[in-house]
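A.B. asks: Just a sequence and a predicted model for now, questions to come.
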Amino acid sequence: MPSTAMAAQTDSEKEFYRIGDVAKITNLKPFVLRYWETEFPMLEPMKTPAGHRLYRQEDLELVLRIKRLLYDEGFTIAGARRHLREQNGGEGETTGAAAGSGVASEGGASAAQTLSRKMLLDLRDSLRAFLTLLERK
């Protein structure tokens, strides 16, 4: 059985981790990890031809950072995503801000709609974070 051979290695020696391994190490459910992949574009584990996720050490460290931001520091998912983007040099963040400022200069109604949509998306992310916290207990 291949997982027995992997279990014989220490965590620091492993090159790849299966989702179950990451779930045990981080004390998270696999469905939370899969959900975070949809919410955090920078979290992209490799996939085998059969569709199994293989996390690298960098992915594992990112999962632990996301968990700390959400559970320990009280960030919303949107806030944690922004925080991680800002720490990684603002990839993609400036284009969103530039688009938002362009909308604001075109008309007040469009800016209000954009702001309302952003508030609703942030609220949705907050509610999802609370749901995730409740499901852990």
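C.D. replies: Thanks, I have it.

A.B. asks: what's near enough to touch residue 56?
C.D. replies: Residue 56 sits next to 15-17, 45-46 when contact means Cβ atoms under 8 Å, 6 or more residues apart in numbering. Using the backbone N, CA and C atoms, a C-beta is placed for each residue, glycine as well.

A.B. asks: Among the residues you listed, which pair sits farthest apart?
C.D. replies: 15 and 45 (12.6 Å; Cβ to Cβ).

A.B. asks: Pick out whichever of the two has more residues nearby.
C.D. replies: Between residue 15 and residue 45, residue 45 has the larger neighbour count (other Cβ atoms under 10 Å), namely 22 against 9.

A.B. asks: That one reaches residue 57, doesn't it?
C.D. replies: No. The pair residue 45 / residue 57 is not scored as a contact, 11.3 Å apart, by Cβ atoms under 8 Å.

A.B. asks: what about dumping the CA coordinates of stretch 34-48 to PDB?
C.D. replies: C-alpha atoms of stretch 34-48 as PDB (Å, rounded to 0.1, in the frame of the first residue of the first chain):
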ATOM      1  CA  ARG A  34     -11.600  22.100  -1.100                       C
ATOM      2  CA  TYR A  35     -13.700  25.200  -0.400                       C
ATOM      3  CA  TRP A  36     -10.600  27.300   0.300                       C
ATOM      4  CA  GLU A  37      -9.200  26.300  -3.100                       C
ATOM      5  CA  THR A  38     -12.300  28.000  -4.700                       C
ATOM      6  CA  GLU A  39     -11.900  31.100  -2.500                       C
ATOM      7  CA  PHE A  40      -8.100  31.500  -2.600                       C
ATOM      8  CA  PRO A  41      -6.800  31.400  -6.100                       C
ATOM      9  CA  MET A  42      -3.200  31.200  -4.900                       C
ATOM     10  CA  LEU A  43      -4.000  27.800  -3.300                       C
ATOM     11  CA  GLU A  44      -3.600  25.400  -6.200                       C
ATOM     12  CA  PRO A  45      -2.500  21.900  -5.300                       C
ATOM     13  CA  MET A  46      -1.400  19.700  -8.100                       C
ATOM     14  CA  LYS A  47      -3.900  17.100  -9.300                       C
ATOM     15  CA  THR A  48      -3.100  13.600 -10.500                       C
END
